[in-house]
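> Prediction below, plus the sequence it came from.
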Number of protein chains: 2
Amino acid sequence: MASGPAETTQSASGSDAMSLSRPAQTRQSRVRQKEGAIVSAAREIFITNGYARTTMAMIAREAGVADGTLYTYFENKDALARGVISDFYARLTESAQSGVDARKTTRQKLEFLARNHINLVMEEYGILEMLPILTSSLSEYSGSDIYTLNKHYVGVFDAIIRDGRARGDIAVESKVWMLRDIFFGALDHGAKTMMIRSNKTDTKRLIDQLVTMMLGTGAGGGSLAERMEAVAERMESALKQVEDK
Amino acid sequence: MASGPAETTQSASGSDAMSLSRPAQTRQSRVRQKEGAIVSAAREIFITNGYARTTMAMIAREAGVADGTLYTYFENKDALARGVISDFYARLTESAQSGVDARKTTRQKLEFLARNHINLVMEEYGILEMLPILTSSLSEYSGSDIYTLNKHYVGVFDAIIRDGRARGDIAVESKVWMLRDIFFGALDHGAKTMMIRSNKTDTKRLIDQLVTMMLGTGAGGGSLAERMEAVAERMESALKQVEDK
DNA sequence: TAACAAGTCTGAAGCGTATTCAATTTTCTT
DNA sequence: AAGAAAATTGAATACGCTTCAGACTTGTTA
């Protein structure tokens, strides 16, 4: 990610990395910390001003370093912006995964994922807007850092879908990537709409609508699986009555 | 839109605009034509190089004018890019409206709209990618040229939905803007996905899936979900009979 | 501990590109 | 045909990304 200062330390101290444990770690951790500070500063400025209107000088000032220092950590402005996005994806994936793991039903998992996504996207609005600018200057998007991170992130969604199919909650015939595009496309568009109107209250309704669509039934109460479940229960009790006669 | 040369002609020739009809029209039409040429040139270059990598000099050369001339037609690079987008929206709306008018059922209308959208977006890929760059530098998005054109365009969709509801094809309880975000969000995301994979054959399937979701029924004819749905209904009514005894 | 090496930081200079504008050319009017 | 208005030009300017030679810090070795 950062082609910066940290990397040569490893090869310099060679195979015996632990000969003097503290100093080496300290330098590395200092470097890491500064990289983090630069990314944070960049995020702030990018969010408030947008990609085009933020200058490297602004970021340097916010991070408390000289202009040139930025270039020892990131190759250029684009790379720095990609660093910000990478960091965003990392946090997004982390919170998504842990939250999804804590839910039981397919519906709950999807709802959490959607809420998490839309909340973070709206909180740090503008970060994902930079994506098209940066990817278009990339020769190969597949294989890039961002591509990998994005793939990881949507992997959380994919797992829910696969699992949901195994449980019978989601129709089997639709391709995963289509559901993915529908899901995230709707959320991103929706986030934009709600940002424009400065209206965050409709989030819940959008998520309901979307997840319900994913689960394949019409707007009516409950997923197909849930209704089958209910029907099965009623059948059992009805059968018991019949049998008892 | 263009604050350029054409505008003063009106006030100069005053209220009696038709005193000498040909020359006045000729100058205006020439100006219009040149503006069109500039927008076309800009579109070409923007599409092949992306916003950041196209220089005003490139556009000027392609349009066959001097650098400075661009600024008599458009205030700056952003405004020129907005001009390109405006033109795109105008063509998009035009083809969408006429195509939709020619279809009868709600499904056919939606399918056409989706196909039209995804085709044009993919043909001139990169144009809509510029949108976030440009809108973020706008002080007020609402009220801008692009906002109005976009509103016009999605109006085509909105009309289909309203009509579809009147016909009973579309559930009434979901908000229009949500369906809109889902519809166009999915299409834009899907277009991106298919551009990355250079795969255009999946378009039809995506559209089917999406439109079917809009229309509220399960997936296409005779799917597993649909059959299970039907079975569930029959079981429910059968149970009711048993339970009522 | 001192001297050295490697790593890190700095900010002024270079460079490319958007934008301006005084001078020129073209078009229209009378 | 002369004069006025509009349109065009391209060299000069300004701004912001990027570079790089030198200064400074940190870690290493004798």
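Right, received. Where do you want to start?

> Point out where chain A drops to low pLDDT.
By pLDDT under 70, the weakly predicted segments of chain A are A:1-27, A:216-245.

> got the domain boundaries for it?
Here the domain assignment for chain A is A:1-75, A:79-244, based on automatic domain parsing.

> where do the strands sit along chain A?
Counting by DSSP state E, chain A forms no strands at all.

> just so I have it, where are all the helices in chain A?
Taking DSSP state H, the helices of chain A run over residues A:7-13, A:21-53, A:56-63, A:67-73, A:77-101, A:106-123, A:131-136, A:145-167, A:176-196, A:203-214, A:224-244.

> okay if I get these as TSV plus distance to residue B:56?
Yep, even glycine has a C-beta here, placed from its N, CA and C like the rest. Shown next, in TSV, are the helices of chain A (distance: least, C-beta to C-beta, whole Å):
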stretch	distance to residue B:56
helix A:7-13	39
helix A:21-53	15
helix A:56-63	22
helix A:67-73	26
helix A:77-101	20
helix A:106-123	33
helix A:131-136	18
helix A:145-167	29
helix A:176-196	29
helix A:203-214	40
helix A:224-244	57
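
> These: which one's closest to residue B:102?
The minimum distance between residue B:102 and those falls on helix A:176-196, with 26.7 Å, by C-beta to C-beta.

> hmm, the closest one in reach of chain B?
Yes - interface with chain B: helix A:176-196 contributes A:177-178, A:181-182, A:184-190, A:193, A:196 (C-beta under 8 Å from any C-beta of the partner chain).

> give the contact list for residue A:39.
A:80, A:83-84, A:87 (C-beta atoms under 8 Å, 6 or more residues apart in numbering or on different chains).

> Now list the buried members of the residues of helix A:176-196 next to chain B.
Neighbour counting with 16 or more other C-beta atoms under 10 Å in any protein chain shown marks A:177-178, A:181-182, A:184-190, A:193 as buried within the residues of helix A:176-196 next to chain B.

> got JSON lines for these, with distance to residue B:43 too?
Output for those, formatted as JSON lines (distance: C-beta to C-beta, whole Å):
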{"residue": "A:177", "distance to residue B:43": "30"}
{"residue": "A:178", "distance to residue B:43": "30"}
{"residue": "A:181", "distance to residue B:43": "26"}
{"residue": "A:182", "distance to residue B:43": "29"}
{"residue": "A:184", "distance to residue B:43": "28"}
{"residue": "A:185", "distance to residue B:43": "25"}
{"residue": "A:186", "distance to residue B:43": "29"}
{"residue": "A:187", "distance to residue B:43": "30"}
{"residue": "A:188", "distance to residue B:43": "25"}
{"residue": "A:189", "distance to residue B:43": "24"}
{"residue": "A:190", "distance to residue B:43": "29"}
{"residue": "A:193", "distance to residue B:43": "27"}
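
> Out of these, which two are the most distant from each other?
Farthest-apart pair in these is A:177 and A:193; separation 23.6 Å (C-beta to C-beta).

> can you pull the contacts of the spatially most central residue of chain A?
Geometric centre of chain A, nearest residue: residue A:92, 3.5 Å, by C-alpha atoms, centre = their mean. The contact partners of residue A:92, by C-beta under 8 Å, 6+ apart, come to A:116-117, A:120, A:153.

> Filter the residues you listed down to the buried ones, ChimeraX style.
Here is the ChimeraX command that selects the buried residues among the contacts of residue A:92 (16+ other C-beta under 10 Å):
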select /A:116,117,120,153
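
> which among the contacts of residue A:92 gets closest to chain B?
Each of these was scored against chain B by C-beta to the nearest C-beta, and residue A:117 proved nearest at 12.3 Å.
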